[in-house]
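1. need the 3D shape of this:
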Amino acid sequence: QVQLVESGGGLVQAGGSLRLSCAAAGRTFNNYLMAWFRQAPGKAREFVAAITRSGGRTYYADSVKGRFTISRENAKNTVVLQMNSLKPEDTAIYYCAARTYDYAAIGSPTEYDYWGQGTQVTVSS
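-> Below you'll find the model as predicted:
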């Protein structure tokens, strides 16, 4: 079992930046592949980014590639999503997620066992 708590959301103008953090408590953090998903009102939850257990490989949705960066600090039990060049269409609740295996079906929310409560990101035009 691992508990996830997101922080860092807020309101920002288009073109601005935000840094989301997810703190994990419980089992050994480097046992978990970590990911970020987001969900806008009336839309399905969608994959944003993921990082493997070792931190050696990252994955991004096409819509955020080149603008968002995921990283992890295993010593601090934290995963970070740095979001730059934000657009109004990035507005959503952002969720941190975890699972115990790498590679397969990275972008599928049903493959993740643990979720945070979410943090709101709002980008104004």
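2. pick out the residue closest to the middle of this protein.
-> Centroid-nearest residue in the chain: Trp36, 2.0 Å away (criterion: CA atoms, centre = their mean).
3. tell me which element it falls in.
-> Assessed by DSSP states H and E, Trp36 sits inside strand 33-39.
4. re the thing from before, name the residues linked to the residue nearest to the centre of the chain by a beta bridge.
-> Judged by DSSP bridges, the bridge partners of Trp36 are Ala49, Cys96.
5. any idea how far Tyr59 is from it?
-> 10 Å (CB to CB, to the nearest Å). Yep, even glycine has a C-beta here, placed from its N, CA and C like the rest.
6. common neighbours of the two, please.
-> The contact sets of Trp36 and Tyr59 overlap at Ala49, Ala50 (CB atoms under 8 Å, 6 or more residues apart in numbering).
7. contacting residues for Arg99?
-> Tyr32, Leu33, Ala35, Glu111, Tyr112, Asp113, Tyr114.
8. surely Gln117 and Gly9 touch.
-> No: the pair Gln117 / Gly9 is not scored as a contact, 11.0 Å apart, by CB atoms under 8 Å.
9. so which of those two has more stuff around it?
-> Gly9 (18 against 11; other CB atoms under 10 Å).
10. number of nearby residues for the residue nearest to that one when sequence neighbours are not counted?
-> Closest residue in space to Gly9, ignoring its immediate chain neighbours: Thr119 at 3.4 Å, by CB to CB, 6 or more residues apart in numbering. Thr119: 21 surrounding residues under other CB under 10 Å.
11. repeat that for Gly15.
-> As a measure of burial, Gly15 has 11 neighbours, counting by other CB under 10 Å.
12. let me see the contact set for it.
-> Contacts of Gly15 (CB under 8 Å, 6+ apart): Ser85, Leu86.
13. so Thr110: helix, strand or coil?
-> helix (DSSP: H, G, I helix; E, B strand; the rest coil).
14. that one and Ala104, how far apart?
-> In this view, Thr110 and Ala104 are 12 Å apart by CB to CB.
15. rewinding a little: residues in contact with the strand holding Trp36: which ones?
-> 20, 22, 24, 45-53, 70, 72, 79, 81, 90, 92-102, 106, 109, 112, 118, 121.
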